[in-house]
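1. Next input, structure requested:
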Amino acid sequence: MPFTATARRALKFVGNHATNAVVGRSVRAQLDSANSAGPTRFDCVVYFADEPSSAYQLRQWFAPLARLARTHRVALLVHRPTTAAELLKDSPLPIFLAQGIDQVEKFIQDKSVHLVFYVNNNRDNFTVLRLTEQVHVHLSHGESDKISMASNQLKAYDYAFIAGQASRDRIMGSVRRMDPAKLVEVGRPQLDSAAPETEDRDGKRDRAGTTVSNRITVLYAPTWEGDRPAMAYGSLLSHGVGMVEAILADPQYRLIFRPHPRTGVRVPAHRAAAKDISALIEDAGRRTPGAGHYVDRRPDFTVAMAEADVCVCDLSAMAMDWLPRRKPLLLTRPVDPAAAVDQNGVAGAVPLLKAEDAGRAPHIIGDLLSRPVGQAQLDLIHHHFGDTTPGASTRRFLDAVERALDG
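-> Here you go, the predicted model:
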């Protein structure tokens, strides 16, 4: 007798619970050892309740938080042992495990925490938000035109640190009775520590440092499938395979494929498409070793951006983070009619690639590269991020934290 969807979810829950219990004992021992000689108090903590596949949301804040830690003691407070184990690989900040609200409350009290950051709207955040003595600050994990970026949940926080005017307009235009004073524009501090542009135009280097043929580098960075039709921006099934086949077949291009970390968590067909594309790239590498195609799974997404001459991506934070590079951007058009597309945002300023034109991507990319980046695309940089001179966003972030702590 086949399992029902409910039965599968129940089995997954039991399996995850057992895994967390086993991993928890080992992780707690590692954390206790690592933190034994650490601070007895922290000014700020980041509460993160999500699973390991979402750890990228926290990782992208590592550099700004490490900078904050020079003047204020900062820690990560993680709900799941499996996530703590994942973050132990590269966290520059101390990690603590708190698997229930009683453990969170004890930590907050014992460590004299003044401010709690959140990088998403996980429902478990709202058990911590009931604490009234602390300042609660929402950071989000990227600026984009996705419909999820304007949420009524933002009202629950004392402040929401947002990227810029575009975010303010989006939220104030969609969220009724939102207090504008809660929205604090800090830009995108992550871009201050972004990998620099590749200088050598006579020959690129692959991940091993070997010089590869001087091809035009295309970054294809699709988002995941989303959790509902309105968020169905992912292009892997609709555009991915056909577009990648065409790019790999064209000798003037080198391809970097960077799938979203959450690809396939809800729709397995997206994970299968990502595997098919990875296989195509591996095969192309065997046939033409010097081409330099590869699949990028590094934590730092800006390294691939620095190597690329043009980006093809979906309606996502990757599109926005690409904007300050001032290079051609090609956005995929979602095939699900329910996907919410803001024509006043990036989708109205850059070319959109239809699914039926995926096989023509090399020609379309070549056309984009033959002319200057459009002014409409360039105008989006300041509208979304404000001042993007190096260090400006980080200073705004640090200043905003100081004001929140003093308030």
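2. contacts, neighbours, all on C-alpha from now
-> OK.
3. Give me the residues contacting stretch 141-158.
-> By CA atoms under 8 Å, 6 or more residues apart in numbering, the residues outside stretch 141-158 that reach it are 57-58, 60-61, 119-121, 129, 135-138, 160, 162-163, 167, 170-171, 174-176, 178-179, 182, 230-231, 315-317, 319-321, 340-342, 345-346, 384.
4. Now do it: distance to the chain's middle.
-> Distance of stretch 141-158 from the chain centroid (CA atoms, centre = their mean, to the nearest Å) equals 14 Å.
5. what sits against residue 352?
-> Counting by CA under 8 Å, 6+ apart, residue 352 touches 330-333.
6. if I look at it, how far off is residue 364?
-> Residue 352 sits at a distance of 10 Å from residue 364 (criterion: CA to CA, to the nearest Å).
7. Buried residues, stretch 296-311. List them.
-> For stretch 296-311, the neighbour count (16 or more other CA atoms under 10 Å) marks 296, 301-311 as buried.
8. among those, which are in helices?
-> 302-307 (DSSP state H).
9. host element of the residue nearest to residue 85 when sequence neighbours are not counted?
-> The shortest distance from residue 85 to any non-neighbouring residue, by CA to CA, 6 or more residues apart in numbering, is to residue 27 (6.1 Å). Element membership of residue 27, judged by DSSP states H and E, is helix 5-35.
10. Quick one: buried ones out of the contacts of stretch 141-158?
-> Buried, going by 16+ other CA under 10 Å: 57-58, 60-61, 119-121, 129, 135-138, 160, 162-163, 167, 170-171, 178, 182, 230-231, 315-317, 319-321, 340-341, 345-346, 384, out of the contacts of stretch 141-158.
11. In strands only, show me these.
-> With strands defined by DSSP state E, the entries of the buried ones among the contacts of stretch 141-158 inside them are 135-138, 160, 162.
12. Redo these as CSV? Include distance to residue 81.
-> As requested, these are exported to CSV (distance: CA to CA, whole Å):
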residue, distance to residue 81
135, 26
136, 23
137, 24
138, 23
160, 27
162, 29
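13. Now do the strands in the stretch 251-400 of the chain.
-> 253-257, 294-295, 310-313, 329-332, 352-353 (DSSP state E, counting those that start in this stretch).
14. quick one: contacts of the longest one?
-> I take that to be strand 253-257. So strand 253-257 is contacted by 215-221, 247-248, 278, 291-296, 304, 308 (CA under 8 Å, 6+ apart).
15. From those, which land in helices?
-> Those of these lying in helices (DSSP H): 247-248, 278, 304.
16. From residue 47, how far out is residue 114?
-> 13 Å.
17. If you count surrounding residues, which of those two has more?
-> residue 47 (24 against 19; other CA atoms under 10 Å).
18. List the residues that contact the more buried one.
-> 76-79, 116-118, 125.
19. Take these and write them to TSV, including pLDDT, neighbour count and distance to residue 100.
-> Shown next, in TSV, are the contacts of residue 47 (pLDDT from 0 to 100; neighbours: other CA atoms under 10 Å; distance: CA to CA, whole Å):
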residue	pLDDT	neighbour count	distance to residue 100
76	98	23	15
77	98	23	11
78	97	24	10
79	96	22	7
116	98	24	16
117	98	23	17
118	98	22	16
125	95	18	11
